[in-house]
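Participant: A predicted structure for the sequence below; I have some questions about it.
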Amino acid sequence: AALTVRFLTRRFIGEYGAMEFIYSHNLTVDGREILFHIWDVPNSQQAEEGSSEEKRIQWADSFVLVYSICDRASFNILPLKIQFIKAAKEGQSQEKVPIVIVGNKRDLHHQRVVSSEEGRLLALSLDCGFYEVSAAE
């Protein structure tokens, strides 16, 4: 949620509840107006499998999966999530689904438990993009 709000408003808010939201946002990219629809799902709700998860996957054209570099568990669930997404999306067509893995909280390097190299290697092994960021900065 912090990353989504930072993207939409350029502000950082540190605390969020476990609410699910859909946002719309216009942005000009390479001279073209792009309308983003962002379905922001807290980690606690991402863990559920079944019709809600499948509905979200079918709704989306691309995926940004965010983990905390300070939370190993949030990183460890990524391979299963990505396999689930790819099975649901790529099974229907021959097109590769765009997925980016984002390690958040880069500013909290003193609390880091997941290295940048681990994130890069996971993204490479799963054919995803990779970034490390700080929503706070």
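Facilitator: Sure, I can see it. Residues are numbered from 1 along each chain as shown.

Participant: How about the contacts made by His37?
Facilitator: Residues counted as contacts of His37 (CB atoms under 8 Å, 6 or more residues apart in numbering) are Ile22, Tyr23, Ser24. Every residue, glycine included, has its C-beta placed from N, CA and C.

Participant: what's the distance between it and Ser74?
Facilitator: 24 Å (CB to CB, to the nearest Å).

Participant: circling back to that earlier point, among the contacts of His37, who's most crowded?
Facilitator: In terms of neighbours by other CB atoms under 10 Å, the contacts of His37 top out with Tyr23 at 13 neighbours.

Participant: With adjacent residues omitted, what lies nearest to that residue?
Facilitator: Nearest in space to Tyr23, with sequence neighbours left out and distances taken as CB to CB, 6 or more residues apart in numbering, is Ile38 at 4.5 Å.

Participant: pLDDT at that neighbour, what is it?
Facilitator: Turning to Ile38, the model gives it a pLDDT of 79.

Participant: Going by neighbour count, list what's buried in the helix or strand hosting it.
Facilitator: Ile38 is part of strand 32-40, with elements assigned from DSSP states H and E. For strand 32-40, the neighbour count (16 or more other CB atoms under 10 Å) marks Ile38, Asp40 as buried.

Participant: what about the chain, any weak spots by pLDDT?
Facilitator: Low-confidence segments of the chain (pLDDT under 70): 1, 14-19, 43-51, 91-94.

Participant: separation between Val66 and Ile85?
Facilitator: Distance from Val66 to Ile85, counting by CB to CB: 14 Å.

Participant: for Val113, same thing?
Facilitator: Distance, Val113 to Ile85, using CB to CB: 24 Å.

Participant: The two: which is more packed in?
Facilitator: Ile85 (20 against 13).

Participant: Pull the contacting residues for that one.
Facilitator: Ile85 sits next to Ile57, Phe63, Val97, Ile99 when contact means CB under 8 Å, 6+ apart.

Participant: The first one belongs to a helix, doesn't it?
Facilitator: What it means is Ile57. Yes. Counting by DSSP: H, G, I helix; E, B strand; the rest coil, Ile57 is found in a helix.
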